[in-house]
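Chemist: need the 3D shape of this:
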Amino acid sequence: MRIVQVSPYYSPHAGGVESHVRAISGELVRRGHDVTVVTSRYDRALPEQETIDGVRVVRDRTRAVLLQTPLDTGVGAALRSISADVVHLHYPPPLTSFFATRALVRSSVPRCLTYHCDLYLGGPAGRMLTSVYERVLLPKTLDRVDRIIVHTRSYGLTSRPLRGRELAVIPSAVDLDRFRPDVDGSAVRSRLGLDGSRVLVFTGRLVPHKGVDVIVRSLPELPKDVQLLVSDGVPGSRSCTRSPGGSAWTTGSASARTSPMPSSPSTSGRPTCSSFLPRTGSRGSGSSSPRRSRPASPW
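Modeler: The predicted structure is shown next:
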């Protein structure tokens, strides 16, 4: 089967949707399907076409990136040039799926859309833009697809833009060859100084709406042998841990505690882990945490 995935971002851009699309695309290729990913060319240094893990990647014309949303008006032309048996769109960020469904409105090719989460833009202006988009453009996008996919039934029932729509529930998959209880993590624990501790791990992009600050503020309520490890999954990027006894906060690197945040397209301009630490120290400790820094760009 000729399958086309439409994703606003794709590798080497790091993120949950990108990882999801890459994982299922690779598995579809392994099962003998012809898979093409149409995505934005958010960085002009990236090639217009390449093959990654057997998946053909086509990067369409992108005018700009605003609020981490690619304005890839060329996605329609890219789709019309590719023969497909099914088109699978991924949302958010917005606009890519809107441009894609508009281009396919007269096409007979079946199309589905995975609704990964509601749109979030911070600040009053962001909330206003979100409201306008969800009232004007998002309904048109959803009306133009044959099936809307959500990962959980509860999310489908509580998401305002999805109310009253017929939904298909397909849970996110877990690669049990990589993530299973019998994996020996002793080497990682030793390298990060976590021997003898219970570890609470957060992995994800270090952006405010992920709620890392909520986890950090909750730690004084947990047993003192619990340490928090925060990592965005980028090699050499920073992690945050609570020191033994919960009396202080430390920041360090997942690979070497003294290494700096790398300056790369995937991490440049993003908050460091100290951005999410509380302003005051742990309860009763008398110590202070690292000062909250203002991120260069929260999106």
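Chemist: quick one: contacts for the nearest residue in space to P161 that is not next to it in sequence?
Modeler: Across the structure, with CB to CB, 6 or more residues apart in numbering as the measure, the residue nearest P161 apart from its sequence neighbours is E134 (5.1 Å). Heads up, the C-betas are built off the backbone N, CA and C, glycines and all. If you count contacts by CB atoms under 8 Å, 6 or more residues apart in numbering, E134 has them with L119, R160, P161.
Chemist: over to R144?
Modeler: Neighbour list for R144: T101, R102, L104, V105, R111 [criterion: CB under 8 Å, 6+ apart].
Chemist: what do you get if the cut-off is 10 Å, keeping everything else the same?
Modeler: For R144, the residues meeting the contact criterion (CB atoms under 10 Å, 6 or more residues apart in numbering) are L89, S97, F98, A100, T101, R102, A103, L104, V105, S107, R111, L113.
Chemist: can you check G32 too?
Modeler: Here G32 is in contact with M1 (CB under 10 Å, 6+ apart).
Chemist: helices along this structure, start to end?
Modeler: When secondary structure is read from DSSP state H, the chain shows helices at 16-30, 75-80, 96-103, 123-136, 138-143, 153-158, 186-191, 212-218.
Chemist: which one of the contacts of E134 is nearest to D175?
Modeler: Proximity of the contacts of E134 to D175 (CB to CB) peaks at L119, which lies at 27.8 Å.
Chemist: for that closest one, report the pLDDT, please.
Modeler: Looking at L119, its pLDDT is 88.
Chemist: wait, it touches P161, no?
Modeler: Yes: applying CB atoms under 10 Å as the test, L119 and P161 come out as touching, 8.2 Å apart.
Chemist: give me the common contacts of those two.
Modeler: What both L119 and P161 touch, as defined by CB under 10 Å, 6+ apart, is the set Y91, T130, Y133, E134, L138.
Chemist: run a quick neighbour tally on the last one.
Modeler: This points to L138. The number of residues packed near L138 is 22, by other CB atoms under 10 Å.
Chemist: no further questions, thank you.
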